[in-house]
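**Student:** fold the following, please.
(chains A and B)
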Amino acid sequence: MTRFKFAPCAIASAAFAMLTPGLRAARPQYGGTLVVQSEAVVRSVEPTIVDGDSDSAQARMSALLFEPLVAIDGLGGLRPALATAWERDARFVRWRFQLRTPVMLHDRTSLDAARVAAALAARERAWRVVSDGDSVIVDLDRPNAELPWVLADGTHGIAIRAEGGALVGSGPFRLDRFDASRVLLRAHDDYWGGRAFVDAVQIEQGRQARAAVASIEAGRADFAAVSPTDVRRLADRGLRTVSSRPMASYVLIFEPHRAQSADDEFRAAVAAAVDGATLSSVWLQRQAEPADGLLPAWISGYAPLLRREQPRVAAVSTTVRRSLIVRIDTADALAKTIADRLVADGRERRLDIAVQTPNGLAPRPDARLVRVPVHATTPGRALALAMQTLGGRAVGLLTNDAPPPIDAPLDSVLRLERTLLQYNVIIPVVHVDDVYGLGDRVESWNEAPVSPSGGWNIASLWLRGERPSPR
Amino acid sequence: MSLRAKLFLLVGGVATVTIVGATWVVSSIARRSFAALDAQRTATLAVQVRREFDREGIQIADRIARIAASDAVARIAAGAERSHGDLARYVNEAPPLAAAHGLDLLEFVAADGVIVSSAHWPARFGYREAWIDSVPRDRAFMHAVELPQERSLALIAVAGVPAAPRGLVVVGGRRIDAGFLRLLPLPAGMRLLLYRNVDPEIARQDLVDASGVTPPAAPLEPLIARVRDTRREVTETIDWPDGPETLAAAPLETPRGDVIAVMLVGSSGRELVALLSRIRWTGVAAGALAIVAAFALSYVAASTVTRPVEELARGARAVAAGDWNVSVDAADATGEVADLARAFETMTAQLVDQRERLVQAERVAAWRELARRLAHELKNPLFPLRLTVDNLRRAKTLSTVEFDEMFDESLGTLSQGLTNLTNVVGRFNDFSKMPPPLVERVAINELIERTLGLFRAQIEAGDRPRIEVALALDPSTPVVSVDPEQFGRALQNLIVNAIDAMPAGGRLTLRTASVAAHVRIDVSDTGEGLTDEERTRLFTPYYTSKPHGTGLGLAIVQAVVADHHGRITVESVRGRGTTFVIELAPAPESS
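**Tutor:** Here you go, the predicted structure:
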């Protein structure tokens, strides 16, 4: 059995506090309502419900209400959450999680192992979850050495069904009001980690990133997702930005009619023309990194190997077709920015790349620039989810396989990724951080406002000049 | 055609030809004038466009120089110095500066040619502008600029940044495209075209006009090709379906002298064509009105001139019809026409006078002829009577028997002489007392056959040369209204005449026909024919060429025909015979 060490978490917090002098300039104050603007529209905060494109935002919001047993720390490692320790057998089948006590839920009842076991069993039907005193024992249907990472992925928050049928959690905030445009969270006074500094969090949903920048500048928002291209703008105005590790990848996926062997040379030329380094460092203001694979290096660990596997292309034969129509999502402004750079890259290599942003009927494109979010905390799961995001159509370009399931072995998922990359059917462009702008009055205590894996550490934020509201 | 019609057509025709000719002359002069004006206008606009280019180039060079010397660029240069070549933070600097200075294109380029910031294609950061060291920095010039969608032509200027020791260059300018063409003021009917000479072959899509639309390029391609090849301005007139257009095409060159674009200044001849059309149609309309007016005036004038003439003609016809007392109303006539009218009046007066004198002379001559004939006719019977009386006087001395015999013989002779005298007197009496005809509906063919039957025995008598009779009677000849007795006597006279005219035999032809609403009766012989004098005096009473004729036969025939409102004429060829032709009106339909 192995046990989790607290040391990395403490080191990470200390390191962040040292590296962000602007965020530790004053003593924290209680009170106030933190205004958050989010581009996504979350329709449910229940952690077991995955809500399509907004699942990342849903996971972040859900994590404020429903804590998992294990969480991701500031360095991307594991840290205790509701479980203070865990151990496993040698086969990675039976896991025992020691629960934190005491933990008060939002309805002022105590969390116990039986309720946690029931919540987990409802989430994962294939598992056998039982309580044993203050521990929860999980018996898996097959070995899984990465179970703690799975439990930390944001969809395994412990949501307890209360007597009235409502879901209650143990997170630093409780749900006060929820509608499509606005979510109001109140501070959980009995939070085991200490009450959050702010009295409430008002999450305004469906706000465009460009509008969010203006809101930050105008003081209408305290915490909002912004585009990497706006980092310089906010910095020039004396406003701060924080970012996660790369949490999304932009990849170029060729359509079937251009994924044939006749276009191998052309696709290789396109791959060689993509200048992800300049795109990341200049155009995306160092809030991104060149992509060598579907997953960023911080989660895959093998991306540099993929880079070395890419063949060099000296020049494109004059006989190959040089034009490429790339379709992008019209709602994705960052995709437009990246596609513009691809056009410039192609022009330097005498490739005619045109960007298509259809609002209706449009000619068939040759390729699509797709945003692939990184959802999971383990390479295999993240890669499998990425494959699922790309869809069976992309996977089927070169193989007869279906997209791998989320719990597929890493080696099989990796083999599929290499196949797609080898023939440049999929060309990774950049991995992009989640970037957030902070309002002028926002301060943070001990933790970065955004975790490396993109989680919101809102409980550690406080507002300068606010006074605590009467309880 | 009447004189009035001739005058009318003459005046109208002259007016028409004059107006059409004047319109054509005006159109030709206008066409030549406008063509010259058009060429001048095109050349002027070409010069104006060139000046506009130069002026725009000066402005661009000035703006770029000011940007290079501005604090904002000095700050960039200083920042670049501090960051030791890390220019990524300045990637967004060019767009706001370009907007502030009204430039389509603006780039900051490092000393090594790497783009630091680009307003017109921000995403090109980091790529090199390899041409930056080979262009002049004291003036603007044409250059092909890379844009996200295309290679565009631009008028750009390059300026170094004084505050950048490591070298920073500002490149900027304006796109030369449809938007630039729209800025140039153009008179109506003129247009500017720009051909971007960025492809090896002439490409239709590289030609734009101020509206941004690609105009029809095929007719322009030879002109563009000539400018590309010769690098000189060329002016040509191109015929479009809707009219000609004069085009002045001038090359736009890069600093290296390459033709990068061709500017075409077009002056449409469509206005000229429309103007000429308006002139033509105005001329046609005015001409039509003038022609109508001319015809009306000519009609009035012709009427004024010809009315006295027509009066004269009417008077002449009246005179010809026998109305010698006609008077011409020529009160409105002037000049020659008035003289003519007066001469006509004088002539008719003289004619009346001469006719009366002629009648008198004729009357005297008739009386003399009558006296001569009477004397002749009476002298012949009287001479035997006088001899007989003398014989009787001398017979007193004879014996009684001889006297009685002489007496009886003398009585017989006297009786015969008196009978002859009675006959002579009777014929004269008949001629003088010809009664009015008692007309009735008569089938003329039957009357002719019946009359001819009276002469059958005489003609067929064996003691004289043979006369062949030919009847050519048209059965469709209509019935005529004649007095059968008088008309039959007239026919008898003509047949007798014909028989007498053929003492050596010949052919007597009687023919009827219905000709032009008349009934025609021909009596022809094949005799010797008539002399001119005989033909002239044929119907004169008591004129005869026969030894024993009275000269009244044909006079009676003429009188009978005249009494039947008919007409008799004679056709004769000397040596071939004579034909008398009677024309009668057909009888009216009987009620």
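**Student:** which SSE is residue A:122 in?
**Tutor:** Assigned by DSSP states H and E, residue A:122 belongs to helix A:113-123.
**Student:** checking my notes, residue A:266 in a strand, right?
**Tutor:** No: counting by DSSP: H, G, I helix; E, B strand; the rest coil, residue A:266 is not part of a strand but helix.
**Student:** which SS class is the residue in the stretch 201-350 of chain B positioned nearest to chain A?
**Tutor:** Residue nearest to chain A within the stretch 201-350 of chain B: residue B:205 (14.2 Å; C-beta to the nearest C-beta). Every C-beta, even on glycine, is put in place using the N, C-alpha and C of the backbone. With three-state DSSP as the basis, the three-state label of residue B:205 is helix.
**Student:** buried residues, the helix holding residue A:122. List them.
**Tutor:** Of the residues in helix A:113-123, A:113, A:115, A:116, A:117, A:118, A:119, A:120, A:121, A:123 count as buried by neighbour count, 16 or more other C-beta atoms under 10 Å in any protein chain shown.
**Student:** tell me which of these is nearest to residue A:330?
**Tutor:** Compare each of the buried residues of helix A:113-123 with residue A:330 using C-beta to C-beta and the shortest gap goes to residue A:123, at 35.8 Å.
**Student:** can you say which helix or strand has residue B:173 in it?
**Tutor:** In this assignment (DSSP H and E), residue B:173 forms part of strand B:168-175.
**Student:** before we move on, what about residue B:98?
**Tutor:** Following DSSP H and E, the helix or strand that holds residue B:98 is helix B:94-100.
**Student:** do that helix and chain A come into contact?
**Tutor:** No: no part of helix B:94-100 sits close enough to chain A to count as contact by C-beta under 8 Å from any C-beta of the partner chain; the gap is at least 11.1 Å.
**Student:** what's that helix in contact with?
**Tutor:** B:67, B:70, B:72-73, B:104-108, B:116-120, B:122, B:172 (C-beta atoms under 8 Å, 6 or more residues apart in numbering or on different chains).
**Student:** at 10 Å instead, please
**Tutor:** Residues lying outside helix B:94-100 but in contact with it, judged by C-beta atoms under 10 Å, 6 or more residues apart in numbering or on different chains, are B:63, B:67, B:70, B:72-73, B:76, B:103-108, B:115-122, B:125, B:170-172.
**Student:** which is the succeeding secondary structure element to it?
**Tutor:** Sequence-wise, the next helix or strand beyond helix B:94-100 is strand B:105-110, with elements assigned using DSSP H and E.
**Student:** mind listing the helices for the chain?
**Tutor:** No chain in the question, so chain A it is. For chain A, the helices defined by DSSP state H occupy A:7-19, A:55-65, A:113-123, A:147-151, A:209-218, A:231-236, A:264-273, A:276-278, A:297-300, A:303-309, A:333-348, A:379-390, A:392-395, A:410-422.
**Student:** looking at chain B here, not the other one
**Tutor:** So, for chain B - with DSSP H - the helices run B:3-68, B:71-82, B:94-100, B:178-183, B:221-230, B:270-320, B:335-395, B:400-432, B:444-453, B:456-460, B:484-501, B:532-537, B:553-563.
**Student:** what is the last one packed up against?
**Tutor:** In this structure, helix B:553-563 makes packing contacts with helix B:400-432, strand B:480-482, helix B:484-501, strand B:567-573, strand B:577-584, judged by 3 or more C-beta pairs under 10 Å, 6 or more residues apart in numbering or on different chains; DSSP states H and E.
**Student:** now with 8 Å, please.
**Tutor:** helix B:484-501, strand B:567-573, strand B:577-584 (3 or more C-beta pairs under 8 Å, 6 or more residues apart in numbering or on different chains; DSSP states H and E).
**Student:** okay, these in a markdown table with mean neighbour count next?
**Tutor:** Output for the helices and strands packed on helix B:553-563, formatted as a markdown table (neighbours: other C-beta atoms under 10 Å in any protein chain shown):
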| stretch | mean neighbour count |
| --- | --- |
| helix B:484-501 | 20 |
| strand B:567-573 | 15 |
| strand B:577-584 | 21 |
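**Student:** which of these sits closest to chain A?
**Tutor:** Comparing the helices and strands packed on helix B:553-563 by their distance to chain A (C-beta to the nearest C-beta), the top pick is strand B:577-584, with 98.5 Å.
**Student:** may I see the buried residues of stretch B:92-107?
**Tutor:** Within stretch B:92-107, the residues that qualify as buried by neighbour count (16+ other C-beta under 10 Å) are B:92, B:93, B:94, B:97, B:98, B:101, B:103, B:104, B:105, B:106, B:107.
**Student:** would you mind listing what in the stretch 201-350 of chain A touches chain B?
**Tutor:** With the criterion set to C-beta under 8 Å from any C-beta, the stretch 201-350 of chain A comes near chain B through A:232-233, A:275, A:278, A:281-283, A:285-286, A:337, A:340-341, A:343-344, A:347-348.
**Student:** give me the residues contacting stretch B:71-84.
**Tutor:** Residues lying outside stretch B:71-84 but in contact with it, judged by C-beta under 8 Å, 6+ apart, are B:67, B:86-87, B:89-90, B:93, B:97, B:108, B:110, B:116, B:161, B:163-166, B:168, B:170.
**Student:** buried members of these into PyMOL, please.
**Tutor:** To isolate the buried ones among those in PyMOL, judged by 16+ other C-beta under 10 Å, type:
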select buried, chain B and resi 67+87+89+90+93+97+108+110+116+161+163+164+168+170
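**Student:** same list (the helices and strands packed on helix B:553-563) but as a markdown table, adding mean pLDDT.
**Tutor:** Listed next are these as a markdown table, based on pLDDT from 0 to 100:
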| stretch | mean pLDDT |
| --- | --- |
| helix B:484-501 | 89 |
| strand B:567-573 | 91 |
| strand B:577-584 | 93 |
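**Student:** could I get the pLDDT score of residue B:462?
**Tutor:** With respect to pLDDT, residue B:462 has a value of 76.
**Student:** can you pull the residues of the stretch 51-200 of chain B lying near chain A?
**Tutor:** The interface of the stretch 51-200 of chain B toward chain A, taken as C-beta under 8 Å from any C-beta, is made up of B:88-89, B:91-92, B:121-127, B:146, B:148-149.
**Student:** the same query, at a cut-off of 10 Å, please.
**Tutor:** Contact residues, the stretch 51-200 of chain B versus chain A (C-beta under 10 Å from any C-beta of the partner chain): B:86-93, B:115-118, B:121-128, B:146-149, B:151.
**Student:** restricted to strands, list those residues.
**Tutor:** B:115, B:116, B:117, B:118, B:146, B:151 (DSSP state E).
**Student:** across the sheet, point out what pairs with the nearest residue to the fourth one once chain neighbours are set aside.
**Tutor:** If the residues on either side of it in the chain are set aside, residue B:118 comes closest to residue B:107, at 4.6 Å by C-beta to C-beta, 6 or more residues apart in numbering or on different chains. Per DSSP bridges, the residues bridged to residue B:107 are residue B:118, residue B:171.
**Student:** hmm, residue B:170 and residue B:107 touching each other?
**Tutor:** Yes: Residue B:107 sits in contact with residue B:170 when judged by C-beta atoms under 10 Å, with a separation of 7.5 Å.
**Student:** find the residues that touch each one of these two.
**Tutor:** If you check residue B:107 and residue B:170 against C-beta under 10 Å, 6+ apart, the residues they both contact are B:94, B:158.
**Student:** can you measure across stretch B:157-168, start residue to end residue?
**Tutor:** The separation between the terminal residues of stretch B:157-168, taken as C-alpha to C-alpha, to the nearest Å, is 14 Å.
**Student:** quick one: the ones in strands among the residues of the stretch 51-200 of chain B next to chain A as TSV, columns for distance to residue A:74 and pLDDT too.
**Tutor:** Output for those, formatted as TSV (distance: C-beta to C-beta, whole Å; pLDDT from 0 to 100):
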residue	distance to residue A:74	pLDDT
B:115	38	90
B:116	36	88
B:117	35	91
B:118	38	92
B:146	44	86
B:151	49	82
